[in-house]
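A.B. asks: quick one, structure for this:
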Amino acid sequence: MNTVSQPLIKLENITKRFKSLTAVNKVNLEIHPGEKLVIIGPSGSGKSTLLRSINLLEEIDEGSIHFEGREVGYVTRHGKRHLDTLHNICALRAEIGMVFQNFNLFPHMTVLGNVMEGPLTVQKKRPEECREIALKILDKVGLSDKRDVFPATLSGGQKQRVAIARALAMQPKVMLFDEPTSALDPELVGEVFDTIHALADEGMTMLIVTHHMGFARELADRVMFMESGSFLAEGTPRDFFSAGQENERIRGFLNRLL
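C.D. replies: Model prediction:
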């Protein structure tokens, strides 16, 4: 990880409201190339909303998002801010892959079809090239033998690995993981974490929301604690999970999970 380089993603004063609820409150964050950043915190603290805002699945009310040094996602017309064009948003999402809690696979497509879909429809690549990319990535996530089956026949862990493969097929520069194992039976969690670990070992930049503290301790370069829409604290895993954690709120949260 190189924290001297220009941030890959920089958030400045990101605020997102749902009527009277401020889900994300003036968040500032930098993610550098190769960094593995894990966000933890209680349910409803704004973690998922923040990830969705980065990927423009939620429209922020205030602040700015910078990717590779340029402001993205919004344009100003007649003094008011609006979402950028669909073309530009799709191009950004190709660079910022996202994996959701509940897989979101296309049920009417085979595993191979799901992984090919992004490069085919968004990046307009040739079908033969898309197939080659998809087969290579399915091999990477250990699902080459499932390429011709439909999602309904897969286990939860396999579905999530297909979802990861689908995001990787766009060849993103950063991956966002929103509770990638929360919908899985405990015995299936390991295979998904193994896949994410392998990506980390290859140098993929990642922002991960998870309730699995052991995974956060193993993988993260930085751990951040979010509550009520704001970051309360951050640190290396060694400092964050130490027995001497000074923040009483975080200590209580960790004691319930560890």
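A.B. asks: excluding sequence neighbours, find me the nearest residue to the most centrally placed residue in the chain.
C.D. replies: With distances taken as C-alpha atoms, centre = their mean, Leu176 lies nearest the centre of the chain, 1.1 Å away. Spatial nearest neighbour of Leu176, chain neighbours left out: Met98 (4.4 Å); criterion: C-beta to C-beta, 6 or more residues apart in numbering. C-beta: built from backbone N, CA, C; applies to glycine.
A.B. asks: and what of Leu168?
C.D. replies: Leu168's closest residue in space is Ile137 (C-beta to C-beta, 6+ apart), at 5.0 Å.
A.B. asks: what about the helix or strand harbouring the one you found, distance to the chain center?
C.D. replies: Following DSSP states H and E, one finds Ile137 within helix 127-140. Distance, stretch centre to chain centre, for helix 127-140: 22 Å (C-alpha atoms, centre = their mean, to the nearest Å).
A.B. asks: likewise for stretch 101-118?
C.D. replies: 17 Å.
A.B. asks: same question for stretch 153-171.
C.D. replies: 13 Å.
A.B. asks: one step back: run through the neighbouring helices and strands of the helix or strand in which the residue nearest to Leu176 is found.
C.D. replies: Per DSSP H and E, Met98 falls inside strand 96-99. When contacts are defined as 3 or more C-beta pairs under 8 Å, 6 or more residues apart in numbering; DSSP states H and E, strand 96-99 sits against helix 156-168, strand 174-178.
A.B. asks: go ahead and confirm the residue nearest to the centre of the chain touches Ser53.
C.D. replies: No: using C-beta atoms under 8 Å, Leu176 makes no contact with Ser53, being 10.4 Å away.
A.B. asks: what sits up against the longest helix anywhere in the chain?
C.D. replies: When the chain is parsed with DSSP state H, its longest helix is helix 186-201. The contact list for helix 186-201 (C-beta atoms under 8 Å, 6 or more residues apart in numbering) reads 36, 140-142, 155-158, 160-161, 164, 168, 175, 177, 180-181, 184, 206, 208, 212, 215, 218-219.
A.B. asks: what angle sits between it and strand 174-178?
C.D. replies: Helix 186-201 runs at 160 degrees relative to strand 174-178, counting by axes from the mean of the first three to the mean of the last three C-alpha atoms, to 10 degrees.
A.B. asks: tell me where this structure has helices.
C.D. replies: Going by DSSP H, the chain shows helices at 47-54, 86-95, 111-121, 127-140, 156-168, 186-201, 213-219, 237-240, 248-257.
A.B. asks: in the shortest one, what counts as buried?
C.D. replies: Think helix 237-240. Neighbour-count burial for helix 237-240 flags Pro237, Phe240 (criterion: 16 or more other C-beta atoms under 10 Å).
A.B. asks: list the helices and strands it packs on?
C.D. replies: helix 213-219, strand 222-227.
A.B. asks: who's in contact with stretch 8-21?
C.D. replies: Counting by C-beta under 8 Å, 6+ apart, 22-33, 35, 46, 49-50, 53-54, 58-68, 96, 173-174, 205, 207, 229 sit against stretch 8-21.
A.B. asks: so Asn104 touches Ala163, yeah?
C.D. replies: Yes: contact status for Asn104 versus Ala163: in contact at 6.7 Å, counting by C-beta under 8 Å.
A.B. asks: more crowded one of these two?
C.D. replies: Ala163 (26 against 12; other C-beta atoms under 10 Å).
A.B. asks: apart from its chain neighbours, what residue comes closest to that one?
C.D. replies: Phe103 (4.8 Å).
A.B. asks: OK, contacts around that neighbour?
C.D. replies: Counting by C-beta under 8 Å, 6+ apart, Phe103 has contacts Pro151, Gly156, Lys159, Gln160, Val162, Ala163, Ala183.
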